[in-house]
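Chemist: here's my sequence, what's the structure:
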Amino acid sequence: MKCTVQIIQEQYLKIDEKKIKIARAERGWTITKLSNESGVTRKTIGEIEKGSKINIRFSTINQIAKALGKELEHFCFQTKK
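Modeler: A predicted model of the protein is given here:
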């Protein structure tokens, strides 16, 4: 019998709000259009793009990424603790 130890590596991701705004602009979409396509409120998208939204749910950024046709990782960068 083999024993294995799983090592869990914590990763901290930060959203690059500029990339969201750029991806939205590349499609010619307004915040309202992105909101309609993603199901995320206009207020939340606006706060994310301004950098004023600190705690962003994984599901929220994932919905935005899918609506924009991008991978989630496109909008993130890894940080240290």
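Chemist: quick check: phi and psi on the residue nearest the centre of the chain?
Modeler: In the chain, the C-alpha nearest the mean C-alpha coordinate belongs to I61, at 3.1 Å (Cα atoms, centre = their mean). Here is the backbone geometry of I61 (degrees, to the nearest 10): phi -70, psi -30.
Chemist: check what pLDDT it gets.
Modeler: Here the pLDDT value assigned to I61 is 90.
Chemist: ok, it - contacts?
Modeler: Counting by Cβ atoms under 8 Å, 6 or more residues apart in numbering, I61 touches I15, I48, L72, F75, C76. C-beta: built from backbone N, CA, C; applies to glycine.
Chemist: neighbour-wise, which of those residues leads?
Modeler: Tallying neighbours with other Cβ atoms under 10 Å puts F75 at the head of the contacts of I61, with 24 neighbours.
Chemist: just the CA trace of stretch 43-57, in CSV.
Modeler: C-alpha atoms of stretch 43-57 as CSV (Å, rounded to 0.1, in the frame of the first residue of the first chain):
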residue,chain,number,x,y,z
LYS,A,43,-22.7,48.5,-10.2
THR,A,44,-20.4,45.5,-9.5
ILE,A,45,-18.7,45.7,-12.9
GLY,A,46,-18.2,49.5,-12.5
GLU,A,47,-16.6,48.9,-9.0
ILE,A,48,-14.3,46.2,-10.3
GLU,A,49,-13.1,48.3,-13.2
LYS,A,50,-12.5,51.3,-10.9
GLY,A,51,-10.5,49.0,-8.5
SER,A,52,-12.8,49.9,-5.6
LYS,A,53,-14.3,46.4,-5.2
ILE,A,54,-11.9,44.6,-2.9
ASN,A,55,-13.6,41.2,-2.3
ILE,A,56,-14.7,39.7,-5.6
ARG,A,57,-16.3,36.3,-5.7
